[in-house]
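Chemist: A predicted structure for the sequence below; I have some questions about it.
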Amino acid sequence: MREFTIGKNDAGQRLDRFVSKNLPLLPPALLQKYIRLKRIKVNGRGAKRDVRLSAGDVLQLYINDEFFDKPNEENLFLTLFQPRLDIVYEDENLLLADKRPGLVVHADETEKINTLINHIQAYLYQKKEWSPRWENAFAPALCNRIDRNTGGIVIAAKNAETLRIVNKKIRDQELKKSYLCVTVGCPRPAAGKIEGFLLKDEAKKQVSFYRRPVPGGRSAVTLYRTLESRGELSLVECRLLTGRTHQIRVSMAEIGCPLLGDGKYGNGDVNRKYRETRQALYSYKLAFPLPTDAGILNYLRGREFTVPSVPFREKYFPKD
């Protein structure tokens, strides 16, 4: 329990607005709930949210210590009262989340609060499965990333050992991530391998594809197979043997089949025709072949997880 004594400068303020100003991490909906439950009292008694405070009033707040901290990137998850997550799979070690297109995985210059990692941490905190104030607490962390405008499965580790193992398995290519995309044009041949070198222009945040090694270029290998074609569009499955920035988008554009909706590497006229503003790309399947020892994650060997639906697949290639 914490106490506040109201000074002259704060006299006349509403109860809820005073608490909100002094506890910026406390979500507004949770604040109202605490007032209703009388976990916020004025002079030892419950009070309505719009009561006006007087100088000398004493507030008693029966609220978790975390909400009294100053906001920073590590505790902003507390402001998410109702985390939004589409969970594909969860156990005591990890969580597989189906990230929706448009959501960033980590905070960036455009978004600090509404991020995938904040939603995951808020979810686990509210489940009382994790708290940043526990001794030696491990903050849930993401093992892989997906671009803002791409959807799909992201792996979140609940403990340090899981993070270490999954990161190693990703580096050793012992996990298989499969993507679905809609391309403008039908790949020729219908299935194959795209090999080259990708060079990123940091200033333009754009990647170029080269068939031969170039200074600063990184090798990129993409496997693809065409699942279906309808008119000028094709549904293609891709699997990455390397994990480079924009790899699928650049590689498919290189063979003359850019992704529908891709504003950076795609066909603007076609994108406008279909009114698509985000690349039709989804990390829809994750497999754990785990050919070598995976420690505490050995129970996942042979498991495969698939998202329940991919919006653009249902839109352009619905099942008959």
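Modeler: Looks like it came in fine.

Chemist: the longest strand in the protein is where?
Modeler: Scanning the chain for the strand with the most residues, using DSSP state E, yields strand 218-230.

Chemist: mind listing what's buried in that strand?
Modeler: Buried residues in strand 218-230, counted by 16 or more other Cβ atoms under 10 Å: 218, 220, 222, 224, 226, 229. Glycine gets a C-beta too; all of them are placed from N, C-alpha and C.

Chemist: show me where pLDDT drops low in the stretch 51-200 of the chain?
Modeler: The stretch 51-200 of the chain contains no residues with pLDDT under 70.

Chemist: And the strands in it?
Modeler: Remark: strands assigned in the stretch 51-200 of the chain by DSSP state E, counting those that start in this stretch are 58-61, 87-90, 94-99, 141-142, 151-157, 176-184, 191-201.

Chemist: out of the ones you listed, deepest packed?
Modeler: Mean neighbour count (mean count of other Cβ atoms under 10 Å) peaks for strand 151-157 among those, with a mean of 25.

Chemist: The longest strand of the chain pairs with which strands, and in what direction?
Modeler: Applying DSSP bridges, strand 218-230 is found paired with strand 191-201 (antiparallel), strand 233-240 (antiparallel).

Chemist: Let's see that strand as PDB, backbone CA atoms only.
Modeler: C-alpha atoms of strand 218-230 as PDB (Å, rounded to 0.1, in the frame of the first residue of the first chain):
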ATOM      1  CA  ARG A 218      25.300 -11.300 -47.900                       C
ATOM      2  CA  SER A 219      24.400 -14.600 -49.500                       C
ATOM      3  CA  ALA A 220      20.700 -15.500 -49.700                       C
ATOM      4  CA  VAL A 221      19.000 -18.800 -50.600                       C
ATOM      5  CA  THR A 222      15.300 -19.100 -51.000                       C
ATOM      6  CA  LEU A 223      13.300 -22.200 -51.900                       C
ATOM      7  CA  TYR A 224       9.900 -21.800 -53.500                       C
ATOM      8  CA  ARG A 225       7.100 -23.800 -55.000                       C
ATOM      9  CA  THR A 226       3.900 -22.600 -56.700                       C
ATOM     10  CA  LEU A 227       0.800 -24.000 -55.100                       C
ATOM     11  CA  GLU A 228      -1.800 -22.400 -57.400                       C
ATOM     12  CA  SER A 229      -2.300 -19.800 -60.100                       C
ATOM     13  CA  ARG A 230      -5.400 -17.800 -60.900                       C
END
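
Chemist: related to what we said a few turns ago, of the strands paired with strand 218-230, which is nearest Lys99?
Modeler: Among those, the nearest to Lys99 by Cβ to Cβ is strand 233-240 (16.6 Å).

Chemist: Just the angle for that closest one relative to strand 176-184, thanks.
Modeler: 150 degrees (axes from the mean of the first three to the mean of the last three Cα atoms, to 10 degrees).

Chemist: quick one: contacts of strand 233-240?
Modeler: 176-187, 221-229, 247-248, 251-252, 257, 260, 313, 316-317 (Cβ atoms under 8 Å, 6 or more residues apart in numbering).

Chemist: Could you check how many residues crowd around Ala55?
Modeler: For Ala55, the neighbour count with other Cβ atoms under 10 Å is 12.

Chemist: How about the contacts made by it?
Modeler: By Cβ under 8 Å, 6+ apart, the residues touching Ala55 are 6-8, 10-11.

Chemist: State the distance from the closest residue to it other than its chain neighbours to Ala97.
Modeler: Leaving aside its chain neighbours, Ala55 sits nearest to Ala11 (4.3 Å; criterion: Cβ to Cβ, 6 or more residues apart in numbering). Applying Cβ to Cβ, to the nearest Å, the value for Ala11 to Ala97 is 46 Å.

Chemist: Equivalent analysis for Gly152, please.
Modeler: Gly152 is 9 Å from Ala97, by Cβ to Cβ.

Chemist: Over to Lys200?
Modeler: Per Cβ to Cβ, Lys200 is found 26 Å from Ala97.

Chemist: quick one on the thing from earlier: I'd like the strands paired with strand 218-230 as JSON lines, with distance to Glu92 appended.
Modeler: JSON lines is the format used below for those (distance: least, Cβ to Cβ, whole Å):
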{"stretch": "strand 191-201", "distance to Glu92": "37"}
{"stretch": "strand 233-240", "distance to Glu92": "28"}
